[in-house]
Structures are given as structure tokens and as C-alpha cells.
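Engineer: 3D model of this:
(2 chains)
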Protein chains: 2
Amino acid sequence: MRSKSAAQAEKILTAAAQLFATHRFHEARMDDIATLAEVGKGTLYRYFKDKEELYVALLQGASEGLQQRLQACRDATADPVEQLRAVVEAIIHYFDERPHLFDLIQHAEVMHKSEQDFPWLTTRRQILALVKELLQESDYVVEDPELAALMLLGGLRGVLRFGQRPRPVQLAEKIVQRFLNGYATKYSSGRGRTLAYCEASVQG
Amino acid sequence: MRSKSAAQAEKILTAAAQLFATHRFHEARMDDIATLAEVGKGTLYRYFKDKEELYVALLQGASEGLQQRLQACRDATADPVEQLRAVVEAIIHYFDERPHLFDLIQHAEVMHKSEQDFPWLTTRRQILALVKELLQESDYVVEDPELAALMLLGGLRGVLRFGQRPRPVQLAEKIVQRFLNGYATKYSSGRGRTLAYCEASVQG
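Structural biologist: Down below sits the predicted model:
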């Protein structure tokens, strides 16, 4: 009668995620995780032999969850640029819903070096490949899609970690639009800006 | 006769950087650092009371070094976009010359939360402010320079960590140019591309 259940494992992982969100890795104790999950310590150790195993399982779960969301973005529309916008939006939501996820990844990166120990490496590579693919499928010519995808995803990480909260409206839309079309509008040479103003006053 | 010298401190820091570059933090031992620096263990502990203090001193030194380089970029030219390109180039070189610097920062982020313990926080904020300033001083209109600066610097981090090596030629130039003007060239709607081809054939 000592079989493992998915529900029980989920309960333990939820408790661990909660604890890791508020305590540094070396401060979080297996005892506290057991208490929070309302399971005996023996049960906890039957599921996860130490904190590291819990960590890897949490990252594994986060990786799978994000990959499912990204697949849903691909299925929702046929337009690659629209898919890219949906992917950026899904990543923003996914991390914002899980404030501890960055710490999990950073801790794992500091502690582990191999792919097996650190499932996020696979996820990162898959997201990069997905973004490159969408850029290549789009109606745009994107030179050097590898560099472009790294700049987009790295930039997104910067915004997620250090950007303003609550998030600006249409953040994903802005990020993708400016990534594709640029952050700059030239104005000092005169003509472009004057034209734009003229059009605005004609239209408005 | 037990005064401290800057040269001695530098020797210890160089040895520590070397060791942290190839060993994880918890594997690097003070003994090994003393041996590598060719100082006695007593001397080592007079300069730095533990590994954490060494870590913080290394980050402090890296922060100051990078800030000096960035100041030199500002002084080299009056054009803000040219300065931005120089800043991006300086960051690329600085990190590429110090392969252990990312690990130092990650470790410090996992272990510390306060600014005092973690001098890189200040550097990161200053670089962000510098990029925003350059964007605002430039001849371009950049909407939301905070978002723009986060995307540029985050993207740069992505390229530094996961991008191709050796670095492509004119990498900094490409990054800044595409950041300002966009990664995309529309072509499938026909007209733009046809025009471009026509012009090319007329000119060529």
C-alpha cells in the first residue's frame, strides 16, 4: 500500500515551490516541505530523496507546462508573426505567474552543468528553435535569425526580470512589433517627421 | 610589517578568478587559492576573511573595470548612436575576456539579495541608465526608452551567453543597427520587394 500517486507528488511539489519562492535553497528544509505539504517525512523521502531531486522535478514540471502553452500558441493561428506575439505573451504570463521560476533556473545553473540534471537547458533550446522557425516562416526576411532570436528572448528575460510592474498594456505586441520594425524613428533630418505630422493632421 | 599592498591583493584576486573560472564556488578552497597566488594561508585570510569576501571583491573589481571602459566609450565620440555601438562592443569584449564573470554574477545573485553584498546591481542599473540616456540624446525618437534599453541589454546577455563563437564580425554594429531599425524586411506583399529589385537593377 505504499504506491506513489500523481496527486501526492503534485502536493509535495506545490509545497516545495511555495517554500523555494520565499526561502533560499539552502534555507528551505525537507521538514518544512513535508509540513507544508501535510505529508509525513517518510512519505516525502519516498517521493524525492533530497532537495536537489525536488528542484529538478519542479524545473521539469515548469518546462513541460511552458512547452504545452507554446504548442497552444502555434495551434491558435496560422500567421507566424501572430504566433510569435502569442509565444512572447505566453512566456510573460508563465514567468509572472511563477515568481520563483527565475531563482529555480539560476540555482540549477549554478549547481549543475549537465542537461540531465537541468531540464531547462532543453526548454531553452526548444524555445530558441521555435522563435527562429517562426521568423523564417513569416512574410519577413530576417537576416541571421539565430542572432535575432537570441536578442528577442534575451531581451524578454531582461524585461521579465527588471521591467516595470504591473506590465504595460499590450507588452507582447509592443515587443514583437519593435523587434521587427525597430525602436527608432528618425526625426532630426526633418522630412520624415514633417510628413508624419502632415498626414496626422490631414487624417485627424 | 603586516600592512596590505594593492599588488598582493591583486595577485590573490587573480588566483581566485582563475580558480572560480574552473571550479564551482563550493568546490574552490581557500587553500588552493593561497597556493595558486603563492601566498601563505595567513596572508590570504588577512586580505579576505572567506570565499564570499573574495567573491564580492572580484565582482567589485569587475564592476569598476567595466564602468571605466564605458566611460571611455562616452569620451571617444560625440555621436550618441556611435557611443551606443561602442558601449555594446565594450560589453561584449569585457565579458568575452572574462569567461567566469557570468558565473560570478549568477552565484552572487543566488546567494545575496542586498546591494551592499552584490556590487553588480549598481553596475547593471548604471548601464541601463546610460543606454536610456544615449537613446534619448540621439537623433531618433525612441518610445519607451526603458523597455528599449532592457530589450537591448537583455538581448546582449543572451547573445553573450548562447551566441556563436568566435563572434561574428561587426557584431556590435549589427546589434545596434537592427535594434534601431528592426530585424525584419517585409517582402511577401510584393511591392516593396519588387521596387527594391528594380532599384537594384537600375543602380547595379
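
Engineer: care to break chain A down by domain?
Structural biologist: In terms of domains, chain A is parsed into A:1-49, A:54-181 (source: automatic domain parsing).

Engineer: any part of the last one near chain B?
Structural biologist: Yes. Under the criterion of CB under 8 Å from any CB of the partner chain, chain B is reached by domain A:54-181 at A:103, A:106-107, A:109-111, A:124, A:128, A:135, A:138-144, A:146-148, A:150-159, A:161-164, A:168, A:174-175, A:178-181. To be clear about C-beta, it is placed using only N, CA and C from the backbone, and glycine gets the same treatment.

Engineer: next one: the shortest one
Structural biologist: Yes. For a cut-off given as CB under 8 Å from any CB, domain A:1-49 has contacts with chain B, namely A:24, A:25.

Engineer: helix/strand/coil for residue A:185?
Structural biologist: At residue A:185, secondary structure determined by DSSP: H, G, I helix; E, B strand; the rest coil is strand.

Engineer: once you drop chain neighbours, what's closest to it?
Structural biologist: Once its chain neighbours are removed from consideration, residue A:185 has its nearest residue in residue B:141; the separation is 4.4 Å (CB to CB, 6 or more residues apart in numbering or on different chains).

Engineer: list the buried ones in the biggest helix by length in chain A?
Structural biologist: Secondary structure of chain A per DSSP state H: the longest helix is helix A:51-76. Judged by neighbour count (16 or more other CB atoms under 10 Å in any protein chain shown), helix A:51-76 contains these buried residues: A:51, A:54-63, A:66, A:69-70, A:73.

Engineer: contacts for the helix or strand just after it next, please.
Structural biologist: Tracing the chain C-terminally past helix A:51-76 and defining elements by DSSP states H and E, one meets helix A:80-97 next. Applying CB atoms under 8 Å, 6 or more residues apart in numbering or on different chains, the contact partners of helix A:80-97 are A:65-66, A:69-70, A:72-74, A:76-77, A:101-102, A:127, A:130-131, A:134-135, A:137-140, A:152, A:156, A:159-160, A:167, A:171-173, A:175-176, A:180.

Engineer: swap in stretch A:20-36?
Structural biologist: In contact with stretch A:20-36 (CB under 8 Å, 6+ apart) are residues A:12, A:15-16, A:18-19, A:40-41, A:43-45, A:50-51, A:54-55, A:58, A:99-100, A:103-104, A:107, B:110-111.

Engineer: chain A: strands as residue ranges?
Structural biologist: Counting by DSSP state E, chain A has strands at residues A:140-142, A:184-186.

Engineer: including distance to residue B:91 and mean neighbour count, could these go into a markdown table?
Structural biologist: Formatted as a markdown table, the entries for those read as follows, by distance: least, CB to CB, whole Å; neighbours: other CB atoms under 10 Å in any protein chain shown:
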| stretch | distance to residue B:91 | mean neighbour count |
| --- | --- | --- |
| strand A:140-142 | 24 | 18 |
| strand A:184-186 | 20 | 17 |
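
Engineer: lowest average confidence across those strands, which one?
Structural biologist: Mean pLDDT is lowest for strand A:184-186 among the strands of chain A, at a mean of 82.

Engineer: ok, that strand: who's next to it in the sheet?
Structural biologist: Sheet pairing of strand A:184-186 (DSSP bridges) gives strand B:140-142 (antiparallel).

Engineer: and the contacts of the strand it pairs with?
Structural biologist: Outside strand B:140-142, the residues that touch it by CB under 8 Å, 6+ apart are A:183, A:184, A:185, A:186, A:187, B:81, B:135, B:136, B:148, B:180.

Engineer: how close does the residue nearest the centre of chain A get to residue B:54?
Structural biologist: Nearest to the mean C-alpha position of chain A, counting by CA atoms, centre = their mean, stands residue A:91 at 4.0 Å. Relative to residue B:54, residue A:91 is positioned 36 Å away (criterion: CB to CB, to the nearest Å).

Engineer: now do residue A:172
Structural biologist: 42 Å.

Engineer: wait, doesn't residue A:43 sit right on residue A:8?
Structural biologist: Yes. The pair residue A:43 and residue A:8 passes the contact test of CB atoms under 8 Å, sitting 7.3 Å apart.

Engineer: ranking helices and strands of chain A by mean pLDDT, which lands last?
Structural biologist: helix A:191-203 (a mean of 38; mean pLDDT, DSSP states H and E).

Engineer: state the distance from residue A:40 to residue B:40.
Structural biologist: Taking CB to CB as the measure, residue A:40 and residue B:40 are separated by 51 Å.

Engineer: cool, and residue A:24?
Structural biologist: Counting by CB to CB, the gap from residue A:24 to residue B:40 is 34 Å.

Engineer: ok, back up a step: buried subset of the residues of domain A:54-181 next to chain B?
Structural biologist: Applying a neighbour-count criterion of 16+ other CB under 10 Å, the buried members of the residues of domain A:54-181 next to chain B are A:103, A:106-107, A:109-111, A:124, A:128, A:135, A:138, A:140, A:142, A:146-148, A:150-159, A:163, A:174-175, A:178-180.

Engineer: any low-confidence regions in chain A?
Structural biologist: Along chain A, the model assigns pLDDT under 70 to residues A:1-2, A:112-117, A:187-204.

Engineer: can you rerun that using 50?
Structural biologist: Counting by pLDDT under 50, the low-confidence segments of chain A come to A:1, A:190-204.

Engineer: next step: the contacts of stretch A:20-36 restricted to helices.
Structural biologist: Where the contacts of stretch A:20-36 overlap with helices, as defined by DSSP H, the overlap consists of A:12, A:15-16, A:18-19, A:41, A:43-45, A:51, A:54-55, A:58, A:103-104, A:107, B:110-111.
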